[in-house]
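Trainee: Sequence and predicted structure below; questions after.
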Amino acid sequence: MDLGLVDSVCLVTGSTAGIGLETANLLREEGATVVTTGRSGGDVQADLSTPGEPERVVRETVERHGRLDVLVNNVGSSEIRRLEDVTDEIWQASYELNLMSAVRATRAALPAMRERGAGTIVNVSSTAAKRPSTGMPDYSVMKAALLSFSRLVADLYAKDGIRCNAVTPGPTATGAWLGEGGLADQQGDRAEVLAKVAAGRPLGRLAEPAEIASVIAFLCSPRASYVTGAAWSADGGTVPIIL
């Protein structure tokens, strides 16, 4: 399917590995011009948890390419923790990376999008935003706030031709879960943990990064032109629909 993204300028944060990299690659395959970011690589190197850096990345993208059509706020990270062990410093660091990076990048992107009368924003949240993960308390709270922020942006800027949606992936086979010292290792025996996590999904497995990227790319595209203010689950059926 042609998603209608040829020559679109897309900025994907946290895009040197995992879901972000797969999203960047898929958007490029669709003919888009894609700007990637990472702390140690990408087209624009940046630590997006630092105030001013998301704004700089957006500014450099617009300066290089003349516009910004699509913003994917993907950067984020978590560790396994007990709620009582989450210090003020950890809460603040999670707030800066998992929420404020998206808020700042979005705020910086809006003027250029409003001027053109068009733009698309996709925020990568988590199933933990809909049903908190007891092992990732700070991450769950920030990703829930990101859902609220997504809906707020959708409501405020629809009249300017800007759509904003969120995606809520479940556990995905990326370095965050599978890497040495990653989320699986932090919970015990890796094989046992991954088997338990897989069994907790109706589809019986973790997602592949490309499966999440496909949902993101669709929401970025004109094919989703009537979709805004939504939170799309891509979790293998983990969090049920409430009717």
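Mentor: Received, thanks.
Trainee: where exactly do the helices run in this protein?
Mentor: Under the criterion DSSP state H, helices of the chain are mapped to 18-29, 53-65, 88-94, 101-116, 127-130, 137-157, 175-178, 190-199, 209-220.
Trainee: So which of those helices is nearest N74?
Mentor: The closest of the helices of the chain to N74 is helix 18-29. By Cβ to Cβ, the value is 4.2 Å. C-betas here are computed from N, CA, C, even on glycine.
Trainee: Just give the number of residues close to V58.
Mentor: Residues contacting V58 under the criterion other Cβ atoms under 10 Å number 25.
Trainee: any idea how far L11 is from the residue lying closest to it once chain neighbours are set aside?
Mentor: Leaving out its chain neighbours, the residue that sits closest to V58 by Cβ to Cβ, 6 or more residues apart in numbering is A108, at 3.9 Å. Separation of A108 from L11 (Cβ to Cβ, to the nearest Å) stands at 10 Å.
Trainee: repeat for Y226
Mentor: For Y226, the distance to L11 - Cβ to Cβ - is 23 Å.
Trainee: Compare these two and say which is more crowded by neighbours.
Mentor: In this view Y226 and L11 are compared by other Cβ under 10 Å, and L11 has more residues nearby, 29 against 6.
Trainee: can you tell me which residues contact that one?
Mentor: Taking Cβ atoms under 8 Å, 6 or more residues apart in numbering, we find L11 in contact with 34-35, 37, 57-58, 61, 68, 70-72, 105, 109.
Trainee: Repeat the analysis, applying 10 Å as the threshold.
Mentor: L11 makes contact with 24, 33-37, 43-44, 54, 57-58, 60-62, 65, 68-73, 105, 108-109, according to Cβ atoms under 10 Å, 6 or more residues apart in numbering.
Trainee: same for the longest strand anywhere in the chain, what does it pack against?
Mentor: Looking across the chain with DSSP state E, the single longest strand is strand 162-169. Strand 162-169 is packed against helix 18-29, strand 70-73, helix 101-116, strand 119-124, helix 127-130, helix 137-157, helix 209-220, strand 231-234, with contacts defined by 3 or more Cβ pairs under 10 Å, 6 or more residues apart in numbering; DSSP states H and E.
Trainee: among these, which is the most enclosed?
Mentor: strand 70-73 (a mean of 30; mean count of other Cβ atoms under 10 Å).
Trainee: Just checking: what are the partner strands of that strand?
Mentor: strand 9-12 (parallel), strand 119-124 (parallel) (DSSP bridges).
Trainee: Distance from it to the middle of the chain?
Mentor: 8 Å (Cα atoms, centre = their mean, to the nearest Å).
Trainee: Where in the chain is the helix or strand with the lowest mean pLDDT?
Mentor: helix 175-178 (a mean of 76; mean pLDDT, DSSP states H and E).
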